[in-house]
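Undergrad: sharing a model that was predicted from the sequence below.
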Amino acid sequence: MDFTTLLENMSVYFAPVKTALEGIGDKAAVAFPALAPYQESIWWMIPATAVILVLFLFVVSAALKAPKAPAKVTAKIPAQEKPRMAEKPAADAVATKEAPPAAPRPAAIEPTPAETGVFKSLKSGLSKTRDALSNGVDALFKGGRTLDDELLEELEELLITSDVGVRTTMEIIESLSEKAAGISNSAELKAELKTLLLERISFDTPPETTLNKPHVIMVVGVNGVGKTTTIGKMATQFVREGKKVIIVAGDTFRAAASEQLTIWAERSGAEIVRHKDNSDPAAVAFDGVQAAVARDVDIVIIDTAGRMHTKKNLMEELKKIRRSVSKTIPDAPHETLMVVDATTGQNALTQAQLFHETVGIDAVALTKLDGTAKGGIVIGITSTLGVPLKYIGIGEQADDLRPFNAEEFADALL
């Protein structure tokens, strides 16, 4: 029987079903006029829709009845505990040799001084300068080059762009040219550079002496170098050492300067002496020193206005503050600390020179060293002024104001 004959025979049985479906379609078209255009097709759309619905329900039902896979639970075996083997009967036991003792674990390697957290923090803070200087020195010897005049010229340019300073750079290059025969690679050049740098940034540490009480520190510097923050960090460190500290808010001209110092004083546990805005800074300094003597204070830190180093009358105001302080304590201030911003490069050296000529600088605090690739300014300032670098700022936290260590600095730089 062919397919055509089969359809003809089956049509006899499906004819009544089709007739019934067409009747349902006619009634649906009358009840719902929107279906009128599809009246001739409704008869087969009804069973088709029914089949699709049945299949959908079957799939959903099967999915809901499917068993869920149990979560795998793995028991953790302690690192030093092994699973026990079942004991064998004595008759079946096999004589075994005693296992040799496990080899002892090597002792933990103690970190060297160069790997301590302090050094890592310093190295991280100087990363931009190190990437520029140390990597630059490595690049000079690529291709098997030797330390000739051409390479020395490139090194000279590298040092100057790192803000080492022209005069200091020329001195270093002259020394290296005399030792060129003994330098054949970047490691040897870095070792010699380190020696030359240490000669220019190292100062003899004065013998331990008892500080005057109160010990008066006058902090100077232009606007925006981080002077207020540096004072706050210094106060925090002094208080941690068990010292009693007074901060004198002598910057009466800059808006919110006194408020910022007040916040730092509260955080650090120091006391503060302040006057109204636009008061005479010398009068504030005088009252601060008087209070320090009366309260038996150990350290007095005097903030001063952000003196523009090009304004002579403002520089003279610093001299007036010094005279005011010395009326109570004849040899005060005992220390004049200048704060400079490392990111300003050679301009920082210019500022330090002019302040040094005007009021006499005893030490320098170099801030924002972590934000510049020109950390060579450290060498320029110390070698040009002959003034020691006392603090370096390599971050935002109070502990990120570090006492300057020439050896650590040179190691972190190269």
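TA: Now that the structure is in, tell me what you want to look at.
Undergrad: the strands in the stretch 251-400 of the chain, which residues?
TA: 271-273, 299-303, 335-341, 363-367, 389-393 (DSSP state E, counting those that start in this stretch).
Undergrad: what's the closest of these to Q290?
TA: The closest of the strands of the stretch 251-400 of the chain to Q290 is strand 271-273. By Cβ to Cβ, the value is 8.8 Å. For every residue, glycine as well, the C-beta is placed using N, CA and C.
Undergrad: in the stretch 301-414 of the chain, which spans are helices?
TA: Secondary structure of the stretch 301-414 of the chain (DSSP state H, counting those that start in this stretch): helices at 312-326, 346-359, 377-385, 406-413.
Undergrad: again, but for the chain
TA: Here the chain has its helices, by DSSP state H, at 3-31, 42-65, 117-125, 127-140, 149-161, 166-178, 186-201, 227-240, 257-268, 281-294, 312-326, 346-359, 377-385, 406-413.
Undergrad: helices and strands around the fourth one, which ones?
TA: The reference is to helix 127-140. Applying 3 or more Cβ pairs under 8 Å, 6 or more residues apart in numbering; DSSP states H and E, we find helix 127-140 packed against helix 149-161, helix 186-201, helix 406-413.
Undergrad: what's the angle from it to helix 186-201?
TA: Relative orientation of helix 127-140 versus helix 186-201 (axes from the mean of the first three to the mean of the last three Cα atoms, to 10 degrees): 130 degrees.
Undergrad: what comes up buried for helix 127-140?
TA: Of the residues in helix 127-140, T129, R130, A132, L133, S134, G136, V137, L140 count as buried by neighbour count, 16 or more other Cβ atoms under 10 Å.
Undergrad: right, and the second one touches A412 too?
TA: Put plainly, it is R130. Yes. In this structure, R130 is within contact of A412 by Cβ atoms under 8 Å, at 6.7 Å.
Undergrad: between those two, which contacts overlap?
TA: Taking Cβ atoms under 8 Å, 6 or more residues apart in numbering as the criterion, R130 and A412 both touch K123.
Undergrad: pull out the buried positions in stretch 395-410.
TA: Neighbour count says stretch 395-410 has G395, A398, D400, L401, R402, F404, N405, A406, E408, F409, A410 buried, by 16+ other Cβ under 10 Å.
Undergrad: redo those as TSV? Include pLDDT.
TA: Shown next, in TSV, are the buried residues of stretch 395-410 (pLDDT from 0 to 100):
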residue	pLDDT
G395	79
A398	83
D400	84
L401	90
R402	87
F404	87
N405	86
A406	86
E408	82
F409	82
A410	83
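Undergrad: tell me the one of those residues nearest E154?
TA: Closest to E154, out of all of the buried residues of stretch 395-410 and judged by Cβ to Cβ, is A410, at 21.3 Å.
Undergrad: how near is M338 to D149?
TA: M338 sits 38 Å away from D149, going by Cβ to Cβ, to the nearest Å.
Undergrad: those two: who's more crowded?
TA: M338 (27 against 8; other Cβ atoms under 10 Å).
Undergrad: for the closest residue to A410 other than its chain neighbours, grab the count of nearby residues.
TA: Once flanking residues are discounted, A410 sits nearest to K194: 4.8 Å by Cβ to Cβ, 6 or more residues apart in numbering. K194 sits with 15 neighbouring residues when counted by other Cβ under 10 Å.
Undergrad: cool, and V359?
TA: 21.
Undergrad: can you count the residues close to the residue lying closest to it once chain neighbours are set aside?
TA: Counting by Cβ to Cβ, 6+ apart, V359 lies nearest to L318, which is 4.9 Å off, once chain neighbours are set aside. When neighbours are counted by other Cβ under 10 Å, L318 registers 21.
Undergrad: list the contacts of L318.
TA: Counting by Cβ under 8 Å, 6+ apart, L318 touches M218, V220, T304, R307, T358, V359.
Undergrad: how close does it get to Q237?
TA: 25 Å.
Undergrad: hmm, T168 is touching G380, no?
TA: Yes. With contacts counted by Cβ under 8 Å, T168 reaches G380, the gap being 5.8 Å.
Undergrad: neighbour-wise, which of these two wins?
TA: G380 (27 against 22).
Undergrad: where's the closest residue to that one other than its chain neighbours relative to K120, distance?
TA: Once flanking residues are discounted, G380 sits nearest to G165: 3.3 Å by Cβ to Cβ, 6+ apart. Distance of G165 to K120, computed by Cβ to Cβ: 28 Å.
Undergrad: looking at these two, which has the bigger crowd around it?
TA: Per other Cβ under 10 Å, whichever of G165 and K120 has more neighbours is G165, with 23 against 13.
Undergrad: from K276, how far off is the more buried one?
TA: For G165, the distance to K276 - Cβ to Cβ - is 42 Å.
Undergrad: and if you look at A249?
TA: The gap separating A249 from K276 is 11 Å, by Cβ to Cβ.
Undergrad: these two: which is more packed in?
TA: A249 (26 against 8).
Undergrad: how much space separates the more buried one from L314?
TA: Distance of A249 to L314, given as Cβ to Cβ: 17 Å.
Undergrad: swap in V220?
TA: Distance of V220 to L314, given as Cβ to Cβ: 11 Å.
Undergrad: so between those two, which is more surrounded?
TA: The residue with more neighbours, out of V220 and L314, is V220; 26 against 17, by other Cβ under 10 Å.
Undergrad: which other residues reach stretch 140-160?
TA: The contact list for stretch 140-160 (Cβ under 8 Å, 6+ apart) reads 132-133, 136-137, 166, 168-170, 172-173, 176-177, 180, 183-186, 189, 376.
Undergrad: redo that, cut-off 6 Å
TA: With contact meaning Cβ atoms under 6 Å, 6 or more residues apart in numbering, stretch 140-160 is reached by G136, T169, I173, S177, A180, I183, N185, S186.
Undergrad: kindly format the C-alpha coordinates of that stretch as CSV.
TA: Extracted in CSV, the C-alpha atoms of stretch 140-160 (Å, rounded to 0.1, in the frame of the first residue of the first chain):
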residue,chain,number,x,y,z
LEU,A,140,73.2,52.2,29.7
PHE,A,141,75.2,48.9,29.5
LYS,A,142,72.8,47.1,27.1
GLY,A,143,74.6,45.7,24.1
GLY,A,144,77.9,45.2,25.8
ARG,A,145,78.8,48.8,26.1
THR,A,146,81.7,50.1,28.1
LEU,A,147,82.0,53.1,30.4
ASP,A,148,83.3,55.6,27.7
ASP,A,149,82.8,59.3,27.2
GLU,A,150,79.5,58.7,25.4
LEU,A,151,78.1,56.6,28.2
LEU,A,152,79.2,59.1,30.8
GLU,A,153,77.3,61.8,28.9
GLU,A,154,74.2,59.7,29.0
LEU,A,155,74.7,59.1,32.7
GLU,A,156,75.1,62.8,33.2
GLU,A,157,71.8,63.5,31.5
LEU,A,158,70.1,60.8,33.6
LEU,A,159,71.4,62.3,36.9
ILE,A,160,70.4,65.8,35.9
